[in-house]
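**Q** no sequence on this one, just coordinates:
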């Protein structure tokens, strides 16, 4: 079974600075999908960024980028120019590509605080 | 596109009672997922449907839990004989046909069992 580990329960960053959230995972599959989801307080979870394991290029979405290290099974999220609206719980998630095994396996999350 | 909706948003029940939650996915999304999230934890998978077929169930889904998606549109999750350990946020998500692997989440139903 796949597992996802987020070792930083809480992180804080000054507004406009850069912060990196860590995620490691364990799997025996060679192809898979990794995600970072954001869950603001009392609001629903939204997708931040997605990475396909077969792609060597790291995904980027505006101020959000990932550092995907397949051999190390590491998938960190970098948030540049942090904004107050980035304050949320961030969850790393894994998904198998196989039909019929489409569940997301989440880590325990990192609570990100933005300091004005 | 109004997003995934869930009702009720909050439910308080006494131990031993039955509860039912509803999820309306995004229109035309044929995949629907249920997760449970307890305080301080990430969501845990419960079950998922493709159209009306329930394709996978977690071992977390005890005999007291049942989920349906009768016409491949909305879904219901029923918990019978609730226990205090069932207190959690129940999240629903949906995703479209094809190779898009993004799951779109609803706001959740918070269940409190007293």
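**A** Nice, thanks for sending it over. If you're wondering where the values come from, they're calculated on a predicted model, not measured in any experiment.

**Q** Tell me the pLDDT of residue 114.
**A** Using chain A. Note on residue A:114: pLDDT of 97.

**Q** sorry, should have said chain B
**A** With respect to pLDDT, residue B:114 scores 96.

**Q** Enumerate every residue touching it.
**A** Counting by Cβ atoms under 8 Å, 6 or more residues apart in numbering or on different chains, residue B:114 makes contact with B:12, B:13, B:14, B:15, B:84. To be clear about C-beta, it is placed using only N, CA and C from the backbone, and glycine gets the same treatment.

**Q** And for residue B:73?
**A** B:24, B:25.

**Q** That one in helix, strand or coil?
**A** When classified by DSSP: H, G, I helix; E, B strand; the rest coil, residue B:73 comes out as coil.

**Q** thinking residue B:16 is in contact with residue B:80, fair?
**A** No. Contact criterion Cβ atoms under 8 Å: residue B:16 and residue B:80 do not qualify, at 9.4 Å.

**Q** So which of those two has more stuff around it?
**A** residue B:80 (14 against 10; other Cβ atoms under 10 Å in any protein chain shown).

**Q** is chain B contacted by stretch A:38-54?
**A** Yes. Contact between stretch A:38-54 and chain B, assessed by Cβ under 8 Å from any Cβ of the partner chain, occurs at A:43, A:44, A:45, A:46, A:47, A:50.

**Q** Skip the chain neighbours and tell me the closest residue to the first one.
**A** In other words, residue A:43. Closest residue to residue A:43 apart from its sequence neighbours, by Cβ to Cβ, 6 or more residues apart in numbering or on different chains: residue B:107 at 7.3 Å.

**Q** next one: the third one
**A** Nearest non-adjacent residue to residue A:45, counting by Cβ to Cβ, 6+ apart: residue B:105, 4.1 Å away.

**Q** Can you point out the buried residues in stretch A:31-39?
**A** A:32, A:33, A:34, A:35, A:36, A:37, A:38, A:39 (16 or more other Cβ atoms under 10 Å in any protein chain shown).

**Q** Cool, thanks, talk later.
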